[in-house]
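1. let me see the structure of the following:
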Amino acid sequence: MEYQHNPVMLKQLISSLFNKNLNILSKNEKKIFVDGTFGRGGHSKELLKFISPNSKLFVFDRDPQAILEAKKLSLIDNRVHVIHACFSSMREELYNFGVLKNIDGIILDLGVSSPQLDQANRGFSFMRNGPLDMRMDNSCGMTIAKWLSSATLEEIYKVISKFGEERHAFKIAKKIVAVRQLHPINTTNELVSCISDVIKNNKPGKHPATKTFQALRIFINKELEELSNTLPTAIDILKPGGILAIISFHSLEDRIVKKFYNKVSNIDPIYKKIPISDINIPSPVAKKLKKITPDKDEIKLNPRSRSAILRILQINS
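-> Predicted coordinates for the structure are as follows:
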């Protein structure tokens, strides 16, 4: 079955990579881009429409199914180079291609993709019953079911509280521990049942399992750690004038991106305390260009885009 994925803020993201109107873009320049989260290739395929025949696009993903889709694209477009790896390994992977410091733009579309949510056997969705997996790369590592079977009450509580910002975290953790003593929690429905037994009066329109599923997914895939490790690498391997465009979907991700962008686009506060002349103060590494959110039309067509935030950073020349 083909699973559709509607890329969020497609035109805005592609325009931001060139920092200009796409209608006046020259297609003759050789450029190098990186899509760190290929998914089903929505952003990559659109980007390929606007770059020259001698340009290169390196695409990363840790999901084997996404890599299969990327390889299909590379067979019909030799500008595409496919790398099955986390985006945090960008520097090491791209070093072999000799493109470090020559990259024009990097895209990161964070979080889980629509196909991952829509496939019950991936275990990401509380709306579909399936094995409780949640691994982005389901060819290796521990499933969330396996982790829940042995984690302590304190460990489960901390994960749900920290990565889900769930105020009922302790009650949910306690319920999980109680239920697993009766039987293993191996399916998404079994986990949803634990959560629903605890959260009785949730806000209308928001499923009671939303925050817990988010927390467990972020934890088992080390998503925030991946992001934090990648940001310094990204600005270090971009060329002067290069663009870093990141789409985030929840406050934990966006907080990390926003804090990092603020840090590298401002003079280090420590220099305000040192009696040296302005001429000796290092300039900021980059500048923030804009923050973009989906318009009403996009949210109507693609409700999953409603919480998305696109932040743009440009390396100073």
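
2. all strands of the stretch 201-317 of the chain, in order?
-> Using DSSP state E, counting those that start in this stretch, the strands of the stretch 201-317 of the chain run over 238-248, 286-292, 309-315.

3. mean pLDDT for the ones you listed: which is lowest?
-> Among the strands of the stretch 201-317 of the chain, strand 286-292 carries the lowest mean pLDDT, a mean of 91.

4. for residue 245, name its beta-bridge partners.
-> Beta bridges link residue 245 to residue 107, residue 312 when assigned by DSSP bridges.

5. picking that back up, need the strands of the stretch 201-317 of the chain in CSV (columns: distance to residue 101).
-> C-betas here are computed from N, CA, C, even on glycine. Shown next, in CSV, are the strands of the stretch 201-317 of the chain (distance: least, Cβ to Cβ, whole Å):
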stretch, distance to residue 101
strand 238-248, 6
strand 286-292, 14
strand 309-315, 10
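
6. could you report the neighbour count for the nearest residue to residue 121 once chain neighbours are set aside?
-> Nearest non-adjacent residue to residue 121, counting by Cβ to Cβ, 6 or more residues apart in numbering: residue 130, 4.9 Å away. Using other Cβ atoms under 10 Å, residue 130 has 16 other residues around it.

7. possible to save the strands of the stretch 201-317 of the chain as a markdown table with mean neighbour count?
-> What follows is these, written out as a markdown table (neighbours: other Cβ atoms under 10 Å):
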| stretch | mean neighbour count |
| --- | --- |
| strand 238-248 | 22 |
| strand 286-292 | 16 |
| strand 309-315 | 22 |
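
8. please tell me how far the residue nearest to residue 121 sits from residue 116.
-> 11 Å (Cβ to Cβ, to the nearest Å).

9. overlap in contacts of those two?
-> Listed contacts common to residue 130 and residue 116 are residue 122; contacts here mean Cβ atoms under 8 Å, 6 or more residues apart in numbering.

10. state the helix or strand in which residue 124 lies.
-> Taking DSSP states H and E as the definition, one finds residue 124 inside no helix or strand.

11. neighbours around it, how many?
-> For residue 124, the number of neighbouring residues by other Cβ under 10 Å comes to 27.

12. next, give phi and psi for residue 89.
-> With angles defined as degrees, to the nearest 10, residue 89 sits at phi -100, psi 20.

13. scratch that, residue 30
-> Here is the backbone geometry of residue 30 (degrees, to the nearest 10): phi -80, psi 120.

14. switch to numbering from 11
-> Taking 11 as the first residue, the last one we looked at is residue 40.

15. who's in contact with the closest residue to residue 254 other than its chain neighbours?
-> Leaving out its chain neighbours, the residue that sits closest to residue 254 by Cβ to Cβ, 6+ apart is residue 323, at 4.5 Å. Contacts for residue 323 (Cβ under 8 Å, 6+ apart) come out as 245, 253, 254, 255, 256, 271, 274, 275, 296, 297, 298, 299.

16. following the chain onward from the helix or strand of the chain with the lowest mean pLDDT, which element is next?
-> Taking mean pLDDT, DSSP states H and E as the measure, helix 124-128 is the helix or strand of the chain with the lowest mean score, a mean of 83. Downstream of helix 124-128, the first helix or strand assigned by DSSP H and E is helix 154-160.

17. output stretch 70-86 as PDB, restricted to C-alpha atoms.
-> Extracted in PDB, the C-alpha atoms of stretch 70-86 (Å, rounded to 0.1, in the frame of the first residue of the first chain):
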ATOM      1  CA  PHE A  70      19.500  11.100   4.900                       C
ATOM      2  CA  ASP A  71      17.000   9.000   6.800                       C
ATOM      3  CA  ARG A  72      17.300   6.300   9.400                       C
ATOM      4  CA  ASP A  73      14.000   4.600   8.400                       C
ATOM      5  CA  PRO A  74      14.600   1.700   6.000                       C
ATOM      6  CA  GLN A  75      11.300   2.300   4.200                       C
ATOM      7  CA  ALA A  76      12.200   5.900   3.600                       C
ATOM      8  CA  ILE A  77      15.600   4.800   2.200                       C
ATOM      9  CA  LEU A  78      13.900   2.500  -0.200                       C
ATOM     10  CA  GLU A  79      11.900   5.400  -1.500                       C
ATOM     11  CA  ALA A  80      15.000   7.600  -1.700                       C
ATOM     12  CA  LYS A  81      16.900   4.900  -3.700                       C
ATOM     13  CA  LYS A  82      14.000   4.800  -6.200                       C
ATOM     14  CA  LEU A  83      14.400   8.500  -6.700                       C
ATOM     15  CA  SER A  84      18.200   8.200  -7.100                       C
ATOM     16  CA  LEU A  85      17.700   5.700  -9.900                       C
ATOM     17  CA  ILE A  86      15.900   8.300 -12.000                       C
END
